[in-house]
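Trainee: quick one: sequence plus predicted model below, questions after.
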Amino acid sequence: MKVLGYAWLILLLVPLQVVLVDRISLFGIRPDLPLVAVCLIGLYHGEIDALLAGIAIGFAQDLFSGGVHWGNLCLKPMLGLIAGLASRNVLNLTGGFAFGLILSLSVLSGTVMYLLKAFMGPGESFFLAARGIILPQACYDALVSLALLKLLQRWWASPTPQTALSYE
Amino acid sequence: MISLQSIAGGKRAVLLLLLFLVVALLLLPESRQESLMVIGRPMATVIAVPLRGMEAANQTIDSLVNRYLALQHMREDNLALRQHIARLQQENARLRETAQATTRLRDLLELQERLPYPTVAAQVIGLDSTNWYRSIVINKGRKNGLAADMGVVTTAGAVGRIVKAYDRFAIVLLLNDLNNAITGLVQRTRDEGIVEGTEKGLARIKYLPLLSTVKVGDQVVTSGLAGGFPRGLPIGNITKIERREAELFLSAEIALDADFAKIEEVLVITAPREGAQLPANPFTFQPAVPVTPAGETR
């Protein structure tokens, strides 16, 4: 059942990112929904699920990107893993924690993507990339994740985040 | 039953007198009744004052009631008219969209007919899945004969090249992406260089000869030496020339002809080397008749 759910998520998430997310873009910056999804999976279902989902989602995302290397395939599972491990160390998953975590992970993801791009092709100024893509996208990702977290907490009957209490 | 017995003697007499007078008045011949008007007229004049007031009040009430009733109808009419306007506006917007799409598609079809190369028309269905690349997703792929490195054009000129082709869709890396590089040619001076995107989403032509007489406003076209583009497709115009000391080559900024934010349909050149020479000005189109928001043509 869980596998089916993940399969649906992967099938819907990337087309959503490619086709519809542009409608909510702010100053040309779109939230990275696959990143948000992987991190939330990590927070709610633990690092293993997030790692596997990250591989699948990252791979699907790379298929629809103009980049010729597989940056998302490598990055997304790592982000899911970090989110999953981070959730082990909190007793209660709060909006503030999720916001901070996803903001940090998005900044990390953006920086790694920048380095990967700079390493593989013509480099652009890190300052421009940070100001134009990394930081705005991180803020947007964190806001979207916060909104999704609140929706999940409200709509889902007692969702149980994978926090430190789950491992006792 | 009223009993006159209960009324006091004096009062009873007055009452009886009055009753008698009333009956007498009733029995009075019509000609004699005119004499009563002597009292009646002044009395009528006096009564007429409040009467007019009452009449005015009545008219006001009548007017208010009518206005209320009219407003009730007007509200319904207004609602119906608003719905009608909304329907017409929707229809108008749809028709304007159709008109614009028709113009775009007509231009694209004309371009397809003018280009002496086999092309495949495709629609843009999405953007890059990340914020890191400037690419678009088109709805045609390997099943339609597309492959990686094929050139993509619009009615404005070259816009990019295919970097990934799947069965039913393909990813086109746009010319303004930093990772894209195609060979270009300054049309007037015939100097060749490499056109690549910049960080700011513009383009630049690099490796122009140091002694080149290139100037601002020169048209840059595809050179056809490498990649999926034939020679002569417009790319853009030079806006700034960069001459740096101790560098062996010139570079220049290009304002791209195509509006990359508004690409909706494209042509993919599937075989750039086949076919005859590019005709003169295949990318010039008659300007479409603008449609005003009110739906009137100017």
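Mentor: That came through, no problem.

Trainee: got phi/psi on B:Asn179?
Mentor: Per-residue torsions, B:Asn179: phi -90, psi 0 (degrees, to the nearest 10).

Trainee: that one against A:Ala118, yeah?
Mentor: No: judged on C-beta atoms under 8 Å, B:Asn179 makes no contact with A:Ala118 at a distance of 10.9 Å. Every C-beta, even on glycine, is put in place using the N, C-alpha and C of the backbone.

Trainee: please say which of the two ends up with more neighbours.
Mentor: B:Asn179 (20 against 15; other C-beta atoms under 10 Å in any protein chain shown).

Trainee: which ones are touching that one?
Mentor: A:66-68, A:117, A:121-122, B:133, B:173, B:197 (C-beta atoms under 8 Å, 6 or more residues apart in numbering or on different chains).

Trainee: among those residues, name the buried ones.
Mentor: A:66-68, A:117, A:121, B:133, B:173, B:197 (16 or more other C-beta atoms under 10 Å in any protein chain shown).

Trainee: filter those down to just the ones in strands.
Mentor: The strands, defined by DSSP state E, take in B:173, B:197 from the buried ones among the contacts of B:Asn179.

Trainee: related to what we said a few turns ago, hmm, which of the contacts of B:Asn179 is lowest in pLDDT?
Mentor: By pLDDT, A:Val68 ranks lowest within those, coming in at 65.

Trainee: give the contact list for B:Thr189.
Mentor: B:212-214, B:218.

Trainee: please enumerate the helices of chain A.
Mentor: A:2-15, A:33-45, A:47-63, A:71-88, A:95-120, A:126-129, A:135-155 (DSSP state H).

Trainee: ok, the most centrally placed residue in chain A - contacts?
Mentor: When C-alpha atoms, centre = their mean is applied to chain A, the residue found nearest the centroid is A:Leu35 (1.5 Å). Contacts of A:Leu35 were listed using C-beta under 8 Å, 6+ apart, and they are A:76, A:79, A:102, A:105-106, A:109, A:141.

Trainee: now, of the residues you listed, which are buried?
Mentor: A:76, A:79, A:102, A:105-106, A:109, A:141.

Trainee: export those residues to JSON lines and tack on distance to chain B?
Mentor: JSON lines is the format used below for the buried ones among the contacts of A:Leu35 (distance: C-beta to the nearest C-beta, whole Å):
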{"residue": "A:Lys76", "distance to chain B": "11"}
{"residue": "A:Leu79", "distance to chain B": "13"}
{"residue": "A:Ile102", "distance to chain B": "16"}
{"residue": "A:Leu105", "distance to chain B": "15"}
{"residue": "A:Ser106", "distance to chain B": "11"}
{"residue": "A:Ser109", "distance to chain B": "10"}
{"residue": "A:Asp141", "distance to chain B": "10"}
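
Trainee: nearest to B:Pro42, of these?
Mentor: In terms of C-beta to C-beta, no member of those lies closer to B:Pro42 than A:Asp141, at 93.4 Å.
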